[in-house]
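*Asks:* I need the structure of the sequence given here:
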Amino acid sequence: MPSLQSIVLYSALAAILAAAPAVFAQNPAHAQDTAPADPAPAPAAASPDAPVDAVAPQFMPVFPLGLDDAAAPLLLPLYSNLPLGRPHPGVKRAVIMVHGILRDASTAYARALTYAGAAAGERGDTILLAPQFLSASDIMRFAAHLPDGGKSIAYWQADGWLLGDDSASKTGTRPVSSFTALDILLAYLAEKDFFPDLQQATIAGFADGAVFVQTYAAASRAPDLLESVMVETRFLVAGAPHYLYMTGVRPKEQTDAKESAGKQATAPESVGFTRPELTICPGYDHYPFGMERLNDYMRQQGASQVRLRYPTRRVHYIAPAAPLPSATVIDRSCAARLQGDDIAARARNYFSYLQTIYGPVARSLQRLHVIEGAGWDAAALLGSACGNAILLGDGVCETGLIGTFGPPGEMPKDRENGE
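*Replies:* Numbering: from 1, shown residues only. Just a heads-up that it's a prediction; the model follows:
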């Protein structure tokens with residue numbers, strides 16, 4: 001059964017859809033033949049401070065829970081291969097691709113088209129979605145091309161969207177968490193008047209987008225709404241630079257990636273955990289690395305409920321099998337380094353941690369897939385045979401290049417060779 005919060009969320013969304021269906025419309029600035037001249041090309045965003053190169057052409061109303069009549073919804077840009085705001089019978093699968101810290105939803109959407117679009121096009125039964133969480137600089141650059149000059153578009157300060165923080169305040173509206181915005185998108189997919197045949201939804205992200213997806217999987221109750229209408233909901237966390245730990249322990253130093261460099265990944269039961277000295281890294285357990293100093297959205301969910309709910313989520317973690325070259329740019333803060341020396345070690349350590357605190361509960365629904373020869377690259381991880389199986393298939397990896405951790409003591413299996 002969906003929670004009371006999910007019911008409120010669903011009811012509020014249904015009311016807005018009924019009152020303002022025209023919100024789901026293509027941005028006229030993107031329509032062929034009638035579009036105004038594009039702004040001068042900007043250099044590729046090299047940092048989160050640079051404005052994006054494009055804003056998605058469709059918009060969805062977003063609003064905080066407990067919306068009152070005096071507050072107007074904000075608009076969230078998103079890419080989609082299907083027009084929103086109309087019924088889509090026959091659509092059985094939804095893939096939501098979350099962008100990274102550069103807010104380049106066009107890249108995230110291109111990944112969805114590349115890794116899932118071919119199969120989706122052949123079958124005609126898949127909707128691909130890529131929401132975009134903008135900054136003030138993005139609104140300023142594209143104001144002339146946005147509805148209402150951008151005044152109604154949701155935007156976030158710095159990288160607050162990545163953590164589920166509230167959007168910036170605007171006159172006549174109320175701030176909305178980026179996690180609530182995704183809640184509304186899931187509630188929209190759960191609406192049978194729009195998607196009567198939907199059977200599966202996958203939320204995926206790479207790198208910082210994977211941090212968003214993993215944290216959202218832990219925090220949100222909206223997936224329960226999809227599950228209540230028989231829509232299997234999966235999360236694909238690819239190459240996350242760090243993870244949300246539910247308790248204050250971290251991997252012991254002797255289990256870091258240095259000991260396993262160049263070796264095949266083994267069953268993770270050998271990893272031990274201990275509570276670090278605060279003098280070494282005082283903020284190591286602050287959100288989003290841990291459960292201290294939570295933001296408003298996380299506090300509303302309740303830390304205890306987040307801990308209890310997370311092992312019930314269908315989460316697939318994909319990571320390289322071997323440590324990355326030392327020159328690879330990853331999060332090297334003390335809080336991140338306490339989770340492991342590199343991307344590969346952090347993924348293995350975290351999955352071992354889940355098995356340690358949750359046992360069989362986590363092993364029944366969550367899997368770690370390691371890819372031999374892969375770097376920290378979206379094509380190698382999301383675009384792998386394993387990634388494709390999770391995005392659009394049955395979630396079972398059937399290639400010999402993928403190692404999947406099962407119960408403690410079980411080695412990665414080569415399904416293709418039957419070993």
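*Asks:* Could I get the full set of strands for the stretch 201-350 of the chain?
*Replies:* Remark: strands assigned in the stretch 201-350 of the chain by DSSP state E, counting those that start in this stretch are 232-238, 250-251, 273-274, 314-320.
*Asks:* Those strands: which one's closest to residue 367?
*Replies:* strand 314-320 (5.4 Å; CB to CB). Where C-beta positions appear, they are placed from N, C-alpha and C, glycine not excepted.
*Asks:* low-scoring pLDDT stretches of the stretch 301-419 of the chain, where are they?
*Replies:* 325-329, 398-419 (pLDDT under 70).
*Asks:* coming back round to it: identify whichever of the strands of the stretch 201-350 of the chain lies nearest to residue 292.
*Replies:* Nearest to residue 292, of all the strands of the stretch 201-350 of the chain, is strand 250-251, at 13.2 Å by CB to CB.
*Asks:* What are the neighbouring residues in contact with the most centrally placed residue in the chain?
*Replies:* The chain has residue 213 as the residue nearest its centroid, 2.4 Å off, counting by CA atoms, centre = their mean. Shown in contact with residue 213 (CB atoms under 8 Å, 6 or more residues apart in numbering): 98, 203-205, 235-237.
*Asks:* for residue 165, same thing?
*Replies:* If you count contacts by CB under 8 Å, 6+ apart, residue 165 has them with 156-157, 177-178, 295-297.
*Asks:* Now render the residues you listed as TSV, adding distance to residue 321.
*Replies:* Output for these, formatted as TSV (distance: CB to CB, whole Å):
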residue	distance to residue 321
156	35
157	37
177	35
178	32
295	34
296	38
297	34
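*Asks:* Farthest-apart pair in the residues you listed, please.
*Replies:* Maximum pairwise distance among these (CB to CB): 15.0 Å, between 157 and 297.
*Asks:* Between the two, tell me which one has more neighbours.
*Replies:* Under the criterion of other CB atoms under 10 Å, the comparison of residue 157 against residue 297 puts residue 297 first, with 23 against 12.
*Asks:* Pipe the contacts of residue 213 into CSV and attach distance to residue 249 per row.
*Replies:* Below are these laid out as CSV (distance: CB to CB, whole Å):
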residue, distance to residue 249
98, 28
203, 27
204, 28
205, 26
235, 23
236, 26
237, 20
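*Asks:* hang on, the earlier thing: kindly provide the distance from the residue nearest to the centre of the chain to residue 98.
*Replies:* 6 Å (CB to CB, to the nearest Å).
*Asks:* Kindly report the same for residue 353.
*Replies:* 23 Å.
*Asks:* Repeat that for residue 367.
*Replies:* 20 Å.
*Asks:* Please say which of these two ends up with more neighbours.
*Replies:* residue 98 (27 against 21).
*Asks:* Can you lay out the strands of the stretch 201-350 of the chain as JSON lines showing mean neighbour count?
*Replies:* Conversion of those to JSON lines gives the following (neighbours: other CB atoms under 10 Å):
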{"stretch": "strand 232-238", "mean neighbour count": "24"}
{"stretch": "strand 250-251", "mean neighbour count": "24"}
{"stretch": "strand 273-274", "mean neighbour count": "14"}
{"stretch": "strand 314-320", "mean neighbour count": "24"}
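*Asks:* Would you reformat those strands as CSV and include distance to residue 219?
*Replies:* What follows is the strands of the stretch 201-350 of the chain, written out as CSV (distance: least, CB to CB, whole Å):
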stretch, distance to residue 219
strand 232-238, 12
strand 250-251, 21
strand 273-274, 22
strand 314-320, 13
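*Asks:* The ones you listed: which one's closest to residue 341?
*Replies:* Residue 341 lies closest to strand 250-251 among these, at 9.9 Å (CB to CB).
*Asks:* Could you please name the strands that closest one pairs with and the direction of each pair?
*Replies:* Note on strand 250-251: by DSSP bridges, its sheet partners are strand 273-274 (antiparallel).
*Asks:* Other residues contacting the partner strand?
*Replies:* For strand 273-274, using CB under 8 Å, 6+ apart, the contacting residues are 249-252, 353, 356.
*Asks:* from those residues, which is closest to residue 287?
*Replies:* Taking these together and measuring to residue 287 by CB to CB, the closest member is residue 250, at 15.0 Å.
*Asks:* Can you name the residues bridging to that closest one?
*Replies:* Applying DSSP bridges, one finds that residue 250 bridges with residue 274.
*Asks:* That one is in contact with residue 272, isn't it?
*Replies:* No. Using CB atoms under 8 Å, residue 250 is not in contact with residue 272; the gap is 10.3 Å.
*Asks:* Restricting to C-alpha, output stretch 127-134 in PDB.
*Replies:* Extracted C-alpha coordinates of stretch 127-134, given in PDB (Å, rounded to 0.1, in the frame of the first residue of the first chain):
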ATOM      1  CA  ILE A 127       9.300   6.400 -22.800                       C
ATOM      2  CA  LEU A 128      12.700   8.000 -22.300                       C
ATOM      3  CA  LEU A 129      12.900  11.000 -19.900                       C
ATOM      4  CA  ALA A 130      15.700  13.300 -18.700                       C
ATOM      5  CA  PRO A 131      14.800  16.000 -16.200                       C
ATOM      6  CA  GLN A 132      16.900  19.100 -16.000                       C
ATOM      7  CA  PHE A 133      17.800  20.900 -12.700                       C
ATOM      8  CA  LEU A 134      18.900  24.300 -13.700                       C
END
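*Asks:* what about that stretch, average pLDDT?
*Replies:* The average pLDDT for stretch 127-134 rounds to 96.
*Asks:* That stretch: how far from the chain's middle?
*Replies:* Its chain's C-alpha centre and that of stretch 127-134 lie 11 Å apart, by CA atoms, centre = their mean, to the nearest Å.
*Asks:* Just list the residues touching residue 307, thanks.
*Replies:* 246-247, 291.
*Asks:* can we see that at 7 Å?
*Replies:* Shown in contact with residue 307 (CB atoms under 7 Å, 6 or more residues apart in numbering): residue 246.
*Asks:* secondary structure class for the residue lying closest to residue 73 once chain neighbours are set aside?
*Replies:* Leaving out its chain neighbours, the residue that sits closest to residue 73 by CB to CB, 6 or more residues apart in numbering is residue 61, at 3.7 Å. Remark: residue 61 carries the secondary structure label strand [criterion: DSSP: H, G, I helix; E, B strand; the rest coil].
*Asks:* If anything else comes up later, I'll come back, but that's it for now.
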